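*Asks:* Sequence and predicted model, in that order:
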Amino acid sequence: MLNPKPSQRKLSLRASSRDTAPDAVAPRPSDDDSVTSWMSGGNCRNYPPAVFFPSDGVGVDRARKICSDCPVVDQCLEYALEHRIEHGVWGGCSERERRRILKRRRVATA
Ligand code: SF4
């Protein structure tokens, strides 16, 4: 099976985390060394994936609020920036905010 795109991996993790059984939320041992193992500690595991792919500003604010006290917010944002994920709220940042961060970084290194 091909590796899913990063955004699909997040969606899939979030979808499986909606299960009510506690075992369904716990990371699998094989995930411990993966570059996405931090996802299992995200606050979003307790919400439907659609919350983080909002269609308006109100939805973005709602997702940002959930992210604001997420224990893996830094990893999440860096992951989204590194993988140039264009859609959704990651690391408490909207698509537009992530584009601005990337632009600032490009300017800073030029
Ligand atoms: S920062 Fe937000 S999107 Fe990222 S893992 Fe935490 S709750 Fe999920």
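*Replies:* The structure has been received and is ready for your questions. None of these values were measured; they are calculated from a predicted model. Numbers count the residues shown, from 1 in each chain.
*Asks:* For the longest helix seen in the chain, buried residues please.
*Replies:* Taking DSSP state H as the assignment, the helix of the chain that covers the most residues is helix 95-109. Neighbour-count burial for helix 95-109 flags 97-98 (criterion: 16 or more other Cβ atoms under 10 Å). Any C-beta I mention is one placed from the backbone N, CA and C, and that applies to glycine too.
*Asks:* chain center to that helix: distance?
*Replies:* Distance of helix 95-109 from its chain centroid, counting by Cα atoms, centre = their mean, to the nearest Å, is 18 Å.
*Asks:* Find the closest residue to the ligand in the chain.
*Replies:* Using Cβ to the nearest ligand atom, residue 42 is the residue of the chain that sits closest to the ligand, at 2.5 Å.
*Asks:* Thought residue 79 was touching that residue, still the case?
*Replies:* No - taking Cβ atoms under 8 Å as the definition, residue 42 is not a contact partner of residue 79, at 10.5 Å.
*Asks:* More neighbours: which of these two?
*Replies:* Under the criterion of other Cβ atoms under 10 Å, the comparison of residue 42 against residue 79 puts residue 42 first, with 24 against 20.
*Asks:* now the nearest residue to the more buried one once chain neighbours are set aside: how far from residue 109?
*Replies:* Among residues not flanking residue 42 along the chain, residue 72 sits closest, at 5.2 Å (Cβ to Cβ, 6 or more residues apart in numbering). Residue 72 sits 26 Å away from residue 109, going by Cβ to Cβ, to the nearest Å.
*Asks:* Which residue would you name as the spatial centre of the chain?
*Replies:* residue 90 (4.2 Å; Cα atoms, centre = their mean).
*Asks:* State the pLDDT value of the closest residue to residue 105 other than its chain neighbours.
*Replies:* In this structure, residue 105 finds its nearest non-sequential neighbour in residue 81, 7.9 Å apart by Cβ to Cβ, 6+ apart. With respect to pLDDT, residue 81 scores 98.
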